[in-house]
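> Pasting a predicted model and its sequence here:
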Amino acid sequence: MARMYGNGKGKSASALPFRRTPPSWLKIATRDVVTTVCKLARKGLPPSAIGMQLRDSMGIAQVKNVTGRKILRILKHNGLAPEIPEDLYCLIKRAVAMRKHLERNHKDMDTKFRLILVESRIHLPATTSA
């Protein structure tokens with residue numbers, strides 16, 4: 001699929017394993033994974049950071065393979081889901097940083113242009129879901 005802003009095609013992606021079962025060496029209960037996910041969410045980590053933490057510390061490549069539910073579903077079930085989606089939060093955070101940069105560097109036209117692109121990506125879900 002083509003990029004929204006740019007000439008790249010964006011064909012690279014992470015290679016998911018074909019088998020959807022947890023590996024035989026992984027001896028961890030579903031309950032333990034769910035409690036760890038909830039504990040990390042209470043610390044304030046977003047779902048992607050929770051997944052990286054579980055991958056690096058506990059060796060869980062895919063939470064869905066172990067628990068049967070994705071991280072965000074687990075968080076919604078326990079009432080810990082973020083109010084706004086993580087991707088939208090990151091776009092808003094980036095736009096705020098760009099605005100702060102433009103206050104100091106008001107002649108930076110490239111950042112001004114990139115800010116327009118980021119803000120249009122922020123407003124995109126509102127226009128398409130009507």
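Received the coordinates, thanks.

> Number of residues surrounding the nearest residue to Arg94 once chain neighbours are set aside?
Ranked by CB to CB, 6 or more residues apart in numbering and with sequence neighbours excluded, the top spatial neighbour of Arg94 is Val118, at 5.6 Å. No exception for glycine: its C-beta is placed from N, CA and C like everyone else's. Per other CB atoms under 10 Å, the neighbour tally for Val118 reads 18.

> Val118: what's it in contact with?
Contacts for Val118 (CB atoms under 8 Å, 6 or more residues apart in numbering) come out as 91, 94-95, 98.

> now do Thr36
Contacts of Thr36 (CB under 8 Å, 6+ apart): 54, 58.

> can I assume Leu80 is in contact with Lys39?
No: with contact defined as CB atoms under 8 Å, Leu80 does not count as touching Lys39 (9.9 Å).

> more neighbours, these two?
Counted by other CB under 10 Å, Leu80 and Lys39 do not tie: Leu80 has more neighbours, with 16 against 12.
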